[in-house]
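Trainee: Here's my sequence, what's the structure:
(one chain, ligands or ions: 1)
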Amino acid sequence: MTRKLTGLLTLLLVVPLQLAAQDVKTVLQAASKAMGDVRSIQYSGTGHFYALGQAYSPTSAWPQNNITSYMRAIDYGSRSSREELTQVEPTPPRVGGALPFAGEQKQINLLSDQYAWNQVGNASQPAVATAEERQLQIWLTPHGFLKAAMENNATTAKKGSGGTVVSFTAGKFKINGTIDNQNMVTRTATWIPNPVLGDMPVETTYSAYKDFNGVKFPTMIIQKHGGYPVLDLVVTSVQSNATLNLSVPDAARTTTLPPLKVTSQKLADGIWFLAGGSHNSVLVEYPTYLVMIEAPLDEARSMAVIAESKKLAPNKPIKYLINTHHHFDHSGGLRTYVAEGATIITHEMNKAYYERVWQAPHTLEPDRLAQNPKKPTFITVKDKYSLTDGGRSLEIYPLEGDTHNAGLMMVYMPKEKILVEADDFSWPAGTRSGPRYHANNVNLYRNIQHLKLDVKTIAPIHGEPVPLSELQKVATS
Ligand SMILES: [Zn+2]
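Mentor: Numbering: from 1, shown residues only. Below you'll find the model as predicted:
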């Protein structure tokens, strides 16, 4: 064989072949025929649930809980779904956040067209923010992908070594799916917006297909978010064309998010506790600038908290933002402070991580930093860091022996005897409970004692300010 010909053959093998529009239709129809066309599907099994954004350290995978029972029912025509899962903490206990409380946690997630809600006991709670993603999840299933590709007139497909990759756009989402040579959907991929990771890749692989009464369905499902698994399932039973009749409860008949609320409480001169949502921040006023402790959730929360701080202490820039740990619910608002010009003070293990993930594209939900890119500046903390200026002083300490997050830090203000901490103790007590949560209480108290901090008030990132004696009671009981 001549060198030229070998080169040409290599090129043919490597470069995927673009299919004509008519051929794309043929590929989808062949797959639909091979897998069995269904109106609805219901599958159940066991596996693992992984808590996105709750890793023990920025370089570890999302922490794993066991799923002892899983069931998902989807009706494609009415775009509705019901997902039920029971999570338990693995034994021996693991590190990282988002543990099932008190051993076991049952979740029921529902969707009917544009309405999303969760069932907690007998009550229905609207889950507005998740409706779009739950709809998308329907189109990421094997049969859902084929239906959506046909409905959205998928016209592009490339033939490669693993099969044919069919692509289409549904709303703001670009969706790719791989159909293998046996006409089975083996992989779907898309991107969804995430405050930390930007356009976060969502990849689902389907394998070990089996025949369930004429319908082919995978018995191994793995979904990854941001490169790490969020769900893996071994499917043991599949039922097709069962009726899924969901009536939307009145409580869930809303498609708008509740307005953001920021309340402020003065803890001492120049120190304010900014609450009103699920996560708090603490504002500290220095003579010529402001320091904010914690940028939770997302840009919307940061904007509201920044607006409130400008009312409380006008005409001073926010120079520093102190980040207690890298969990997404505590770091999702950081980019807004970078855009605001603040230097991020964080544990040394987080810097490289933030620098890397913040470079990802943010095209699905462009935030201020994406619209106006700026290189972030950091101060990193290893043992202790003090910020003393004009008679005002605060000290930052990493926690020793913490199992919630490897880089967890607390902030102590010696003059005012205030301690700001995240996730190790929240008030009212009982809002977070269980043996592992108790272990965090004990560890926090030990750290305070070990460092000989003269704490009077704990200002937690979750819950309300509380005297130290309450932690003492819980930790020594
Ligand atoms: Zn956390």
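
Trainee: For L197, which non-adjacent residue is spatially closest?
Mentor: Excluding the flanking residues, the one nearest L197 by C-beta to C-beta, 6 or more residues apart in numbering is G226, at 4.9 Å. All C-beta atoms are positioned from the backbone trio N, CA, C, and that covers glycine.

Trainee: Is S32 located within a strand, as I assumed?
Mentor: No: per DSSP: H, G, I helix; E, B strand; the rest coil, S32 lies outside any strand segment and is helix.

Trainee: Tell me who's in contact with it.
Mentor: For S32, the residues meeting the contact criterion (C-beta atoms under 8 Å, 6 or more residues apart in numbering) are L146, M150.

Trainee: rerun at 10 Å
Mentor: V38, H143, L146, K147, A149, M150, I179, N183, V185 (C-beta atoms under 10 Å, 6 or more residues apart in numbering).

Trainee: Helices - which of these land there?
Mentor: H143, L146, K147, A149, M150 (DSSP state H).

Trainee: For T130, see how far away the nearest residue to the third one once chain neighbours are set aside is.
Mentor: Which is K147. Spatially, and ignoring its direct neighbours in sequence, K147 is nearest to Y76 (5.5 Å; C-beta to C-beta, 6+ apart). Distance of Y76 to T130, given as C-beta to C-beta, to the nearest Å: 19 Å.

Trainee: rewinding a little: just checking, the residue nearest to K147 touches Q135?
Mentor: No: under the criterion of C-beta atoms under 10 Å, Y76 is not in contact with Q135, lying 11.3 Å apart.

Trainee: tell me the SS of the most centrally placed residue in the chain?
Mentor: Centroid check for the chain by C-alpha atoms, centre = their mean gives L52 as the closest residue, at 4.4 Å. Here L52 is recorded as coil under three-state DSSP.

Trainee: next one: phi and psi at it?
Mentor: phi -60, psi 130 (degrees, to the nearest 10).

Trainee: Pull up the gap between it and Q64, please.
Mentor: Taken as C-beta to C-beta, the span from L52 to Q64 is 12 Å.

Trainee: which residues are common contacts for these two?
Mentor: P229.

Trainee: Quick one: name the residues of this protein near the ion.
Mentor: Within the chain, the positions near the ion by C-beta under 5 Å from the ion are G97, H327, D423.

Trainee: Try it again at 6 Å.
Mentor: Applying C-beta under 6 Å from the ion, we find that the chain lies next to the ion at G97, H325, H327, H330, H404, N405, D423.

Trainee: out of the ones in helices among the contacts of S32, who has the most neighbours?
Mentor: Within these, most neighbours by other C-beta atoms under 10 Å means A149, with 29 neighbours.

Trainee: Tell me who's in contact with that one.
Mentor: By C-beta under 10 Å, 6+ apart, the neighbours of A149 are 24-25, 27-28, 31-32, 139, 155, 157, 166-168, 170, 175-177, 179, 185, 188.

Trainee: Sort out for me which of those residues are in helices.
Mentor: Using DSSP H, the contacts of A149 in helices are V24, K25, V27, L28, A31, S32, W139.

Trainee: Make a markdown table from the residues you listed and add distance to I458 and pLDDT to it.
Mentor: As requested, the ones in helices among the contacts of A149 are arranged in a markdown table below (distance: C-beta to C-beta, whole Å; pLDDT from 0 to 100):
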| residue | distance to I458 | pLDDT |
| --- | --- | --- |
| V24 | 60 | 93 |
| K25 | 63 | 93 |
| V27 | 60 | 95 |
| L28 | 58 | 97 |
| A31 | 57 | 98 |
| S32 | 59 | 98 |
| W139 | 46 | 97 |
